[in-house]
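Visitor: Let's see this in three dimensions:
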Amino acid sequence: MKTAQLDFPAPQPVPLADALRWQASPDWIYEEKKDGVRAMLVAGELRGRARSYDLPGAIPPALAGCTLDGELVGNVFWSFDLIEANGQDLRGLPLRERRRHLAALVPHFPAWLKLIPSWPGNGGEYLEAVLRDGGEGVVAKNLGAEYGRDWFKAKRVQTFDVICTDTTGGTLSVAIAQFRDGALVPCGRVSIFNLNALLSLKSGDVLEIAAECRHASGKFRSPRFVRVRSDKLAKDCQIQKEPSK
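Guide: Below is the predicted model of the structure:
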């Protein structure tokens with residue numbers, strides 16, 4: 001059994017897309033996105049983009065020459081791709097071939113290592129089911145593509161109406177805020193890559209943004225600009241109170 005040769009390749013990023021438009025196709029599969037830390041398991045180590053993590057347990061000999069991509073959730077590493085097997089680089093193979101090699105390793109997985117299941121049907125319907133069950137989102141993957149190509153994700157998002165409070169700063173972003181109890185509360189910044197929209201904005205304009213959630217600090221998680229709301233008044237941009245439990 002050869003040892004792993006890859007020197008901790010960087011996990012491939014997954015761009016956002018609108019999975020509600022994904023239809024059933026024999027060339028695509030869908031996987032639930034775990035709300036964990038992206039990491040690589042290789043040569044007896046578990047490493048993310050910026051740091052290493054303690055292994056939840058010992059590495060079985062069958063995995064000594066393998067590099068697995070996945071997400072660390074608590075003490076469980078959820079694997080969704082195999083990019084090296086027995087010291088052989090598999091990144092150039094189509095996903096269906098990499099998954100076949102990965103499935104062959106599953107009987108050797110210890111209790112702390114699990115395979116993320118795939119869904120071959122309609123991606124939009126699967127996303128709705130995952131979100132309904134409290135999941136974070138879904139990743140779509142092309143079975144004929146090499147590692148990291150033709151991957152798209154869709155996550156739970158909410159929309160918020162916010163006030164543009166500052167268009168200066170020399171970046172493609174503006175400062176945003178909302179009202180709470182009559183006071184204007186800063187909510188961070190949101191990037192706007194549409195130059196026409198960016199240059200036309202002025203303080204006091206109302207924007208609609210999409211975000212995964214709001215942090216306790218008041219800022220939004222992964223905010224993105226949707227549109228200018230000319231039909232909304234700044235006074236209507238209120239921070240909604242959390243429902244009592």
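Visitor: CA only for contacts and neighbour counts going forward, please
Guide: Will do.
Visitor: Now residue 188. Nearest residue, chain neighbours left out?
Guide: residue 219 (5.4 Å; Cα to Cα, 6 or more residues apart in numbering).
Visitor: Enumerate every residue touching the one you found.
Guide: Counting by Cα atoms under 8 Å, 6 or more residues apart in numbering, residue 219 makes contact with 186, 187, 188.
Visitor: And the second one, how close does it get to residue 180?
Guide: What that stands for is residue 187. Using Cα to Cα, to the nearest Å, residue 187 is found at 11 Å from residue 180.
Visitor: circling back: the residue nearest to residue 188 and residue 178: what is the separation?
Guide: Between residue 219 and residue 178 the distance is 10 Å, computed by Cα to Cα.
Visitor: intersection of neighbour lists for those two?
Guide: Joint contacts of residue 219 and residue 178 (Cα under 8 Å, 6+ apart) are 186, 187.
Visitor: count of residues packed around residue 141?
Guide: 22 (other Cα atoms under 10 Å).
Visitor: can you check residue 196 too?
Guide: Neighbours around residue 196, by other Cα under 10 Å: 9.
Visitor: likewise residue 76?
Guide: 16.
Visitor: And residue 157, by the same measure?
Guide: Residues lying near residue 157 (other Cα under 10 Å) number 16.
Visitor: For it, give its distance to residue 64.
Guide: 39 Å.
Visitor: Return the helix or strand in the chain with minimum mean pLDDT.
Guide: strand 213-214 (a mean of 80; mean pLDDT, DSSP states H and E).
Visitor: gap between residue 192 and residue 176?
Guide: 12 Å.
Visitor: Compare these two (neighbour count), which wins?
Guide: With neighbours defined as other Cα under 10 Å, residue 192 and residue 176 compare such that residue 176 has more, 26 against 18.
Visitor: Provide the secondary structure category for the more buried one.
Guide: strand (DSSP: H, G, I helix; E, B strand; the rest coil).
Visitor: what's the closest non-adjacent residue to it?
Guide: With Cα to Cα, 6+ apart as the criterion, residue 176 has its nearest non-adjacent residue at 4.7 Å, and that residue is residue 164.
Visitor: Could you pull up the contacting residues of the one you found?
Guide: 174, 175, 176, 177, 201, 202, 203, 204, 205, 206, 207.
Visitor: Can you name the two of those residues that sit furthest apart?
Guide: Distances among these were taken as Cα to Cα; the most separated pair is 177 and 201, at 14.5 Å.
Visitor: more crowded one of those two?
Guide: Legend: neighbour count by other Cα under 10 Å for residue 177 and residue 201, higher for residue 177 (26 against 17).
Visitor: Just the pLDDT for that one.
Guide: Looking at residue 177, its pLDDT reads 96.
Visitor: Repeat that for residue 115.
Guide: 96.
Visitor: dump the residue contacts of it.
Guide: Taking Cα under 8 Å, 6+ apart, one finds 78, 79, 80, 106 in contact with residue 115.
Visitor: Mind doing that once more with 7 Å?
Guide: Residues in contact with residue 115 (Cα atoms under 7 Å, 6 or more residues apart in numbering) are 78, 79, 80.
Visitor: and the gap between it and residue 102?
Guide: 9 Å.
Visitor: This protein: helices as residue ranges?
Guide: 95-105, 123-132, 195-200 (DSSP state H).
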